[in-house]
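> no FASTA, just this:
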């Protein structure tokens with residue numbers, strides 16, 4: 001079997017595994033955020049500044065996660081280009 005083909009299949013497996021794990025973590029984060037939102041709504045004794053800080057933290061986490069995913073996807077793209085079949089030109 002062609003080593004490049006094996007490497008490409010391995011890379012596809014890693015990318016799929018990463019995507020699935022990342023999506024699962026994002027679902028977990030969304031659920032935790034919903035629970036936190038409900039808790040904040042019911043926390044009458046918590047100052048508004050504290051609630052705003054927590055909401056800002058959630059927003060920052062979401063943005064950072066999206067940037068991380070984008071960076072990983074770009075890296076996978078570069079590696080896929082390396083293992084891509086060369087384009088054959090007609091002479």
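Ah, there it is. Please read these numbers as outputs of a predicted model, since none were measured by experiment. Numbers count the residues shown, from 1 in each chain.
> Which other helices and strands does the single longest helix found in the chain contact?
Using DSSP state H, we find that the single longest helix of the chain is helix 3-42. With contacts taken as 3 or more CB pairs under 8 Å, 6 or more residues apart in numbering; DSSP states H and E, helix 3-42 sits against helix 48-83. Glycine gets a C-beta too; all of them are placed from N, C-alpha and C.
> what residues are up against the spatially most central residue of the chain?
In the chain, the centroid-proximal residue (CA atoms, centre = their mean) is residue 69; its distance is 3.5 Å. Counting by CB atoms under 8 Å, 6 or more residues apart in numbering, residue 69 touches residue 22.
> Relative to residue 85, how far out is it?
When distance is defined by CB to CB, to the nearest Å, residue 69 is 27 Å away from residue 85.
> Low-confidence regions, the chain specifically.
Low-confidence segments of the chain, defined by pLDDT under 70: 87, 90-91.
> Any figure for the gap between residue 54 and residue 12?
To residue 12, residue 54 is 39 Å away according to CB to CB.
> Residue 33 now?
Distance from residue 33 to residue 12, by CB to CB: 31 Å.
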